[in-house]
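Chemist: Sequence and predicted structure are below.
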Amino acid sequence: MRKGEETRNEFLQIAERLFCAQGYEETSIQNILDAAHGSKGGFYHHFVSKEDVLRQLCERRAASSAERTAQEIADGQLAPLDQLSLVLGRAMPIHREDLSFMCMMMPILDRKEGMTVRLAFQEAMIEVYLPLLQKAVQRCVDESLIFPVSSDVEKPVLILLQFCWAEAAAHLISDARGGNLTDAGILLDILTVYRKSVEALLNTPYGFIDLMPLSDWTAFAEEACRRMFVSAKTSRWG
């Protein structure tokens with residue numbers, strides 16, 4: 001790895017640690033420079049702004065998520081529909097390994113700056129998961145398990161999934177700002193609507209696709225809300 005790339009990666013690692021520990025808006029470029037013992041010239045050689053740092057972090061996180069998913073399916077042990085469900089579920093960044101990062105992201109997602117970054121994150125997720133989904137879909141087609149409505153259905157499916165987690169996040173943010181946890185029924189409704197849409201695009205029988213268990217959604221939501229806004233002792237889902 002070239003020295004310039006090493007410096008960029010060091011800035012990104014330190015920025016992510018600071019953003020997650022003290023918040024994106026509370027972290028300044030100077031904080032990053034101080035922690036990295038770097039110069040402004042070195043920083044601006046790699047980044048246009050603090051928002052650019054967050055955008056690059058989102059792209060890096062999307063890539064690492066896809067790499068983990070590819071490793072899980074590399075041994076070929078998963079049944080075709082299980083592989084498809086795994087790829088579909090992982091294409092949404094709302095898993096336990098995403099918790100710290102998404103808790104940092106959520107307070108700014110519905111602001112102008114956050115919307116720009118969210119779109120970049122979603123585009124990155126679509127790009128890195130597209131080849132994985134294409135392979136998973138083709139495997140199911142080859143075994144006559146699904147009958148997609150078109151030969152290039154994968155990108156629309158991934159776009160739907162990005163809308164799915166963004167809609168869930170919007171409810172989490174709105175409710176948490178009022179000191180509340182999002183009702184599990186609302187999350188179930190969101191999940192059901194998008195699951196049915198994905199099933200329609202892939203032309204599968206009802207219930208064939210398992211995007212994510214509701215228990216995982218509610219566990220993520222509860223922990224995200226607790227970390228962001230609610231006391232550690234608060235629990236509305238029992």
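Modeler: Arrived safely.

Chemist: and stretch 180-191, which residues are buried?
Modeler: By neighbour count on 16 or more other C-beta atoms under 10 Å, the buried set for stretch 180-191 is 181-182, 184, 187, 190-191. C-beta here means a position set from N, CA and C on the backbone, and glycine is covered the same way.

Chemist: just those now: which is nearest Ala70?
Modeler: Taking C-beta to C-beta as the measure, Ala70 sits nearest to Leu191 out of the buried residues of stretch 180-191, at 24.4 Å.

Chemist: and stretch 9-20, how far from the chain's centre?
Modeler: Distance, stretch centre to chain centre, for stretch 9-20: 18 Å (C-alpha atoms, centre = their mean, to the nearest Å).

Chemist: One more: stretch 213-229?
Modeler: For stretch 213-229, the distance to the chain centre is 14 Å (C-alpha atoms, centre = their mean).

Chemist: Dump it to PDB, restricted to CA.
Modeler: Taking C-alpha atoms only, stretch 213-229 is exported to PDB below (Å, rounded to 0.1, in the frame of the first residue of the first chain):
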ATOM      1  CA  PRO A 213     -36.600 -11.500  11.300                       C
ATOM      2  CA  LEU A 214     -38.700  -8.900  13.100                       C
ATOM      3  CA  SER A 215     -36.800  -9.700  16.300                       C
ATOM      4  CA  ASP A 216     -33.600  -8.500  14.700                       C
ATOM      5  CA  TRP A 217     -35.200  -5.300  13.600                       C
ATOM      6  CA  THR A 218     -36.700  -4.500  17.000                       C
ATOM      7  CA  ALA A 219     -33.400  -5.500  18.800                       C
ATOM      8  CA  PHE A 220     -31.500  -3.100  16.500                       C
ATOM      9  CA  ALA A 221     -34.100  -0.400  17.000                       C
ATOM     10  CA  GLU A 222     -34.100  -0.700  20.700                       C
ATOM     11  CA  GLU A 223     -30.400  -0.600  21.100                       C
ATOM     12  CA  ALA A 224     -30.000   2.200  18.600                       C
ATOM     13  CA  CYS A 225     -32.600   4.300  20.400                       C
ATOM     14  CA  ARG A 226     -31.000   3.500  23.800                       C
ATOM     15  CA  ARG A 227     -27.600   4.600  22.600                       C
ATOM     16  CA  MET A 228     -28.800   7.700  20.900                       C
ATOM     17  CA  PHE A 229     -31.500   9.100  23.200                       C
END
